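What follows is a predicted protein model with its sequence.
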Amino acid sequence: MLEIDNIVCRYGKVEAIKGVSLKVRKGELVTVIGANGAGKSSTLKAISGLLPPASGTIRFEGVDITRATPQRILSMGIAHCPEGRRVFPQMTIQENLEMGAYRRKDKAGITADMARMFDNFPKLAERRYQMAGTLSGGEQQMLAIGRALMSRPRLVMFDEPSLGLAPNIVEKTFEIIQKVRADGATVLMVEQNAYAALDMCDRAYLYESGSLALEGTGKDMIHDPHVRKAYLGG
Ligand code: ATP
């Protein structure tokens, strides 16, 4: 479904990604793990058109999207649930969800999806006319996931969904992500919580300093001596 071939991405002189190739097949849950600054977020930004690669190619369902605009990439079926959630704090919860659907024209479908989001996230339903900035971190994460799903994506990318959340909320967030996949979407997730990410994924990639250090199934990676020592506490 997604094929990244040897991309290099830079911020000015900083080379954040130094020639990375990876694949996500339809229906998979793939995770990218690695230390701070390894280039994980930059990879998701490259896919969603926010950080166009200096070289290399990105193909989605066979179409070259390497230099496509973020709007077009979203319209093609890729949603990005960003690090730190980035909800619009001065907009209501309902308006945040509407923003997720801003490229869609099917009003009836949007209304139906909105109702489904409120069924799935009752806490958001209760507070739909309140400003999103008043939500707790966990609730904002639910809203950010709901907003991403409002575009009806075929591929959903989650950047550090567990960051800054209490353990019970982290567990709930991962359950929701697994449900997103069970409901038919393909998932690419960047996570620092390496154990949880490897445990729930089909396949994983390990980044070190802007390059790929290792790839394999989640189970293989959990048992890999280097991964255990450096990322799973031994
Ligand atoms: P983290 O979990 O800390 O976000 P990451 O693996 O997602 O880490 P990236 O955010 O992709 O890493 O960063 C990769 C490299 O690019 C780092 O060296 C980082 O300092 C640099 N970088 C990221 N964003 C920018 C930016 N806007 N301007 C300059 N350098 C940046």
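Arrived safely, thanks for sending. Residues are numbered from 1 along each chain as shown.

same for the helix or strand containing residue 72, what does it pack against?
Secondary structure assignment for residue 72, by DSSP states H and E: helix 70-75. Where contact means 3 or more C-beta pairs under 8 Å, 6 or more residues apart in numbering; DSSP states H and E, helix 70-75 is not packed against any helix or strand. Where C-beta positions appear, they are placed from N, C-alpha and C, glycine not excepted.

Give me the residues contacting stretch 51-65.
1-11, 16-17, 19-21, 42, 45-47, 49, 66-67, 72-73, 76-78, 154-155 (C-beta atoms under 8 Å, 6 or more residues apart in numbering).

Just the ones of those residues in helices?
Among the contacts of stretch 51-65, the members found in helices (DSSP state H) are 42, 45, 46, 47, 72, 73.

Per-residue pLDDT of the fifth one, please?
Note for residue 72: predicted pLDDT of 95.

Give the burial count for it, as a bare number.
14 (other C-beta atoms under 10 Å).

What is the nearest of the ones in helices among the contacts of stretch 51-65 to the ligand?
Proximity of those to the ligand (C-beta to the nearest ligand atom) peaks at residue 42, which lies at 3.2 Å.

tell me the contacts of that closest one?
Residue 42 touches 9, 11, 16, 17, 51, counting by C-beta under 8 Å, 6+ apart.

pLDDT score assigned to residue 224?
The model reports residue 224 with a pLDDT of 95.

neighbours around residue 69, how many?
Per other C-beta under 10 Å, the neighbour tally for residue 69 reads 12.

try residue 224
By other C-beta under 10 Å, neighbour count at residue 224 equals 18.

If we ignore the residues flanking it in sequence, what's nearest it?
Nearest residue to residue 224, sequence neighbours excluded (C-beta to C-beta, 6 or more residues apart in numbering): residue 214, at 6.6 Å.

Regarding the closest residue to residue 67 other than its chain neighbours, what is its secondary structure?
Closest residue in space to residue 67, ignoring its immediate chain neighbours: residue 52 at 5.4 Å, by C-beta to C-beta, 6+ apart. State at residue 52, reduced to three classes by DSSP: H, G, I helix; E, B strand; the rest coil: coil.

which residues sit against the longest helix anywhere in the chain?
As assigned by DSSP H, the longest helix anywhere in the chain is helix 167-182. With contact meaning C-beta under 8 Å, 6+ apart, helix 167-182 is reached by 27, 29, 120, 137-138, 141-142, 145, 149, 156, 158, 161-162, 165, 187, 189, 193, 196, 200.

quick revisit: now the contacts of stretch 51-65: which count as buried?
1-5, 7-9, 16-17, 20, 42, 45-47, 49, 66, 73, 76-78, 154-155 (16 or more other C-beta atoms under 10 Å).

near the ligand, which residues of the chain?
Counting by C-beta under 6 Å from any ligand atom, the positions of the chain adjacent to the ligand are 11, 14, 16, 34, 36, 37, 38, 39, 40, 41, 42, 83.

ends of stretch 193-213, how far apart?
Using C-alpha to C-alpha, to the nearest Å, the end-to-end distance of stretch 193-213 comes to 17 Å.

from the middle of its chain, how far away would that stretch be?
Mean-position distance between stretch 193-213 and its chain equals 13 Å (C-alpha atoms, centre = their mean, to the nearest Å).
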